[in-house]
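*Asks:* My questions concern the predicted model and sequence given below.
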Amino acid sequence: MTMNQNARTSLLAGTGLLALAVLIGAFGAHGLKAMVTPEKLVTFETGVRYHFYHAFGLVLLGLYQLHSTAKLKVAHYAFIAGILLFSFNCYFYAVSDVKVFAMIVPVGGILFVVGWMNFFWKILKN
């Protein structure tokens, strides 16, 4: 059985981003503690947590698309962009203390909501 391209893309993106989340989380747990304040470490860990949630979300999208005709491109790209804008800006802010990174984080959060609402809508319609 061949996998449909949308499912494959979401599964590859999700699993790749999960591996990256593990590496970034390990860096935060082992390498960053001595370099940043406890408050910044909390920010970093929040980025890692949401990175994991939405990489798992991509895997869910892929699994759903394996058994459905739904194409979840909006949710797919919203989760990826959300990880970049939310999680990565949490990481950058925690290590740099540059406020502009913290100001971009809510945009990523909105993209996470857009992705989940798109997924919800596709499930409802299917």
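*Replies:* Ah, there it is.

*Asks:* Please count neighbours and contacts with C-alpha atoms only from this point.
*Replies:* Noted.

*Asks:* which residues in the chain form helices?
*Replies:* For the chain, applying DSSP state H gives helices covering 5-30, 38-66, 73-82, 88-96, 99-125.

*Asks:* Dump those helices to a markdown table, plus mean neighbour count.
*Replies:* Shown next, in a markdown table, are those (neighbours: other Cα atoms under 10 Å):
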| stretch | mean neighbour count |
| --- | --- |
| helix 5-30 | 18 |
| helix 38-66 | 21 |
| helix 73-82 | 23 |
| helix 88-96 | 21 |
| helix 99-125 | 16 |
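
*Asks:* Redo those as CSV? Include mean pLDDT.
*Replies:* Converted to CSV, those look like this (pLDDT from 0 to 100):
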stretch, mean pLDDT
helix 5-30, 96
helix 38-66, 97
helix 73-82, 98
helix 88-96, 96
helix 99-125, 96
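
*Asks:* show me the contacts for the residue nearest to Lys33 when sequence neighbours are not counted.
*Replies:* Distances taken as Cα to Cα, 6 or more residues apart in numbering place Leu41 nearest to Lys33, at 6.9 Å, with adjacent residues excluded. If you count contacts by Cα atoms under 8 Å, 6 or more residues apart in numbering, Leu41 has them with 28, 32-33, 94.
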